[in-house]
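K.L.:
Fold the following for me, if possible:
(chains A and B)
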Amino acid sequence: MSWWRPSDVGLAVRRKLADIGQGARFFARLIALLGSTLRRFSLVRDQVHFLGNYSLAIIAVSGLFVGFVLALQGYNILQRYGSSEAVGLMVALSLLRELGPVVTALLFAGRAGTSLTAEIGLMKAGEQLSAMEMMAIDPMRRIVAPRFWAGVITMPLLTAVFNAVGVLGGWVVSVWMIGVDPGAFWSQMQGGVDVWADLGNGVLKSFVFGVAVTFVALLQGWEARPTAEGVSRATTRTVVMASLAVLGLDFILTALMFTY
Amino acid sequence: MGRSKNDVWVGLFVMLGLAALVFLALQSANLLSLSWQSTYRVTAHFDNIGGLKPKAAVKSAGVVVGRVGSIGFDDERFQALVALDMDSKYKFPSDSSLKILTSGLLGEQYVGIEAGASDTNLKAGDNVGNTQSAVVLENLISQFLYNGAASGGSSDAGGKPAPGKGK
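P.N.:
From the prediction side, this is the model:
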């Protein structure tokens, strides 16, 4: 393809616009199917089980180690300024505001998003989706929407677990290993963390990331070319696009939330 | 049955997530501290609030007895207008005085309240008249320099040329 021929540029732009339009219609369909999805909640529940319970181990372990490392690094810098008690505040704020939602979303994209893409892509490749349509079952309603809403429900819960485990990890390192005073550790944290501005905005972030990651994963699976190669490419694109979307959205959300 | 087993695990997962949220809200953000307790609002004018921020603590004898509710500017008196949400548990005499203090050398600023001797207590809507501004480091330094120069000049005329001689 050559970029200097107007017809090629036009074709590329038109294809891109068509892709965006497809994505937007897909998204609108998912939102519109909320009601009928909630009416058959057993489907959502099974997906929450698959996406949430099976992701718990990786989320908890990652949260623990992120908390450990934050406390170690934070202590190193803070004790230079004689304020090593603030390590709890630093761990809590960095987890609640940024690291918790973002790292959870990235892990979720890798752990659960890929499996969503592969599952739907393979269903498409195996013509199971077409077979459902033949039986007058709407695959969007039966397959895709429950997975979407399960992802949206799961992400904030996983983020909360990540944050809580991370704060406990920071506590373990600071209080047990380093010997920071536990009373100062918690009171500094409680003095500096606001329920709505920090915790609430973090939960809001994780909710947005849940929508973004699950949507990207499902769209990639839905639009995958129905071949083995197509599914493998779609899975790769899920990780890349979901991660980029999370990081970009995080910048925008942080700019909106934490600029006062 | 498979279904009910799934139910249990999903329920446990959701409960774990909510428990984590509650843990964060209570243990790291201190949801219960003052936000649900009833408060009464008093106002005060300050010449200079320094770096005081909304939600800063109001302390008496080091104990948190309220929070700074809002900070505004009164363009009639050209002073900062600070609203304080005092915990209803604590009553203070109406002639109590307010001071803007700093916790530690570089810590955040808070409002200190010192009880007066009046028989009547502060109530909602009152304005505390007796206030003391934040210490602004630049003013302190310029005051120090000015005082130093003034005392150096006034002590005696002979003291001044001394450095000049050595030069």
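K.L.:
Going by secondary structure, whatever residue of chain A ends up closest to chain B is in what exactly?
P.N.:
Going by C-beta to the nearest C-beta, chain B is nearest to A:Leu157 of chain A, at 2.8 Å. Every C-beta, even on glycine, is put in place using the N, C-alpha and C of the backbone. In the assignment (DSSP states H and E), A:Leu157 maps to helix A:145-171.
K.L.:
Now do that helix, average pLDDT.
P.N.:
Taken as a whole, helix A:145-171 has an average pLDDT of 95.
K.L.:
circling back to that earlier point, OK, contacts around the nearest residue to the residue of chain A closest to chain B once chain neighbours are set aside?
P.N.:
Closest residue to A:Leu157 apart from its sequence neighbours, by C-beta to C-beta, 6 or more residues apart in numbering or on different chains: B:Gly17 at 2.8 Å. For B:Gly17, the contact set (C-beta atoms under 8 Å, 6 or more residues apart in numbering or on different chains) comprises A:52, A:156-158, A:160-161.
K.L.:
mind running it again at 6 Å?
P.N.:
By C-beta atoms under 6 Å, 6 or more residues apart in numbering or on different chains, the residues touching B:Gly17 are A:157, A:160-161.
K.L.:
so the helix or strand harbouring it versus helix A:145-171, what angle?
P.N.:
According to DSSP H and E, B:Gly17 maps onto helix B:2-23. If you take axes from the mean of the first three to the mean of the last three C-alpha atoms, to 10 degrees, helix B:2-23 sits at 40 degrees to helix A:145-171.
K.L.:
Quick check: mean pLDDT of the helix or strand following helix B:2-23?
P.N.:
Remark: after helix B:2-23, the chain's next helix or strand is strand B:39-46, criterion DSSP H and E. Averaged over strand B:39-46, pLDDT sits at 88.
K.L.:
Following the chain onward from strand B:39-46, which element is next?
P.N.:
By DSSP H and E, the next helix or strand past strand B:39-46 is strand B:57-60.
K.L.:
Any idea how far the longest strand along chain B is from the middle of the chain?
P.N.:
Longest strand in chain B by number of residues (criterion: DSSP state E): strand B:63-74. Relative to its parent chain, strand B:63-74 has a centroid offset of 7 Å by C-alpha atoms, centre = their mean, to the nearest Å.
K.L.:
With just CA atoms, put it into CSV.
P.N.:
Written as CSV, here are the backbone C-alpha positions of strand B:63-74 (Å, rounded to 0.1, in the frame of the first residue of the first chain):
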residue,chain,number,x,y,z
VAL,B,63,-6.5,16.2,70.2
VAL,B,64,-8.5,16.5,67.0
VAL,B,65,-11.7,18.2,67.8
GLY,B,66,-12.9,19.3,64.4
ARG,B,67,-12.0,19.9,60.7
VAL,B,68,-11.6,22.9,58.5
GLY,B,69,-14.7,22.9,56.5
SER,B,70,-14.1,25.5,53.8
ILE,B,71,-11.7,28.4,53.1
GLY,B,72,-12.8,31.6,51.4
PHE,B,73,-11.9,35.2,51.0
ASP,B,74,-13.8,38.0,52.6
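K.L.:
wait, does that strand contact chain A?
P.N.:
No. Contact between strand B:63-74 and chain A is absent, the nearest approach being 9.1 Å (criterion: C-beta under 6 Å from any C-beta of the partner chain).
K.L.:
what angle sits between that strand and strand B:39-46?
P.N.:
50 degrees.
K.L.:
what's the next secondary structure element after strand B:63-74?
P.N.:
strand B:79-87.
K.L.:
Run the chain-centre distance for that next one.
P.N.:
In terms of C-alpha atoms, centre = their mean, the centre of strand B:79-87 is found 10 Å from the chain centre.
K.L.:
Stretch A:139-155 now?
P.N.:
In terms of C-alpha atoms, centre = their mean, the centre of stretch A:139-155 is set 14 Å apart from its chain centre.
K.L.:
Grab the CA positions of it and hand them over as CSV.
P.N.:
Extracted in CSV, the C-alpha atoms of stretch A:139-155 (Å, rounded to 0.1, in the frame of the first residue of the first chain):
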residue,chain,number,x,y,z
PRO,A,139,-24.9,-14.9,20.8
MET,A,140,-24.5,-11.3,22.0
ARG,A,141,-27.1,-11.9,24.6
ARG,A,142,-26.2,-15.5,25.5
ILE,A,143,-22.4,-15.4,25.3
VAL,A,144,-20.9,-11.9,25.0
ALA,A,145,-23.0,-9.6,27.3
PRO,A,146,-22.7,-11.9,30.4
ARG,A,147,-19.0,-12.0,30.0
PHE,A,148,-18.9,-8.2,29.7
TRP,A,149,-20.9,-7.5,32.8
ALA,A,150,-19.1,-10.1,34.7
GLY,A,151,-15.8,-8.4,33.9
VAL,A,152,-17.2,-5.0,34.9
ILE,A,153,-18.4,-6.5,38.3
THR,A,154,-15.2,-8.4,38.9
MET,A,155,-12.6,-5.7,38.3
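K.L.:
Show me which residues of that stretch are buried.
P.N.:
Residues A:139-155 are the ones in stretch A:139-155 that count as buried (16 or more other C-beta atoms under 10 Å in any protein chain shown).
K.L.:
Show me what from chain A comes close to chain B.
P.N.:
Contact residues, chain A versus chain B (C-beta under 6 Å from any C-beta): A:45, A:48-49, A:52-53, A:92, A:157, A:160-161, A:163-164, A:167, A:189-190, A:193, A:195, A:199.
K.L.:
on that earlier part again, buried residues of the helix holding B:Gly17, list them for me.
P.N.:
B:6, B:9-10, B:13-14, B:16-17, B:20-21, B:23.
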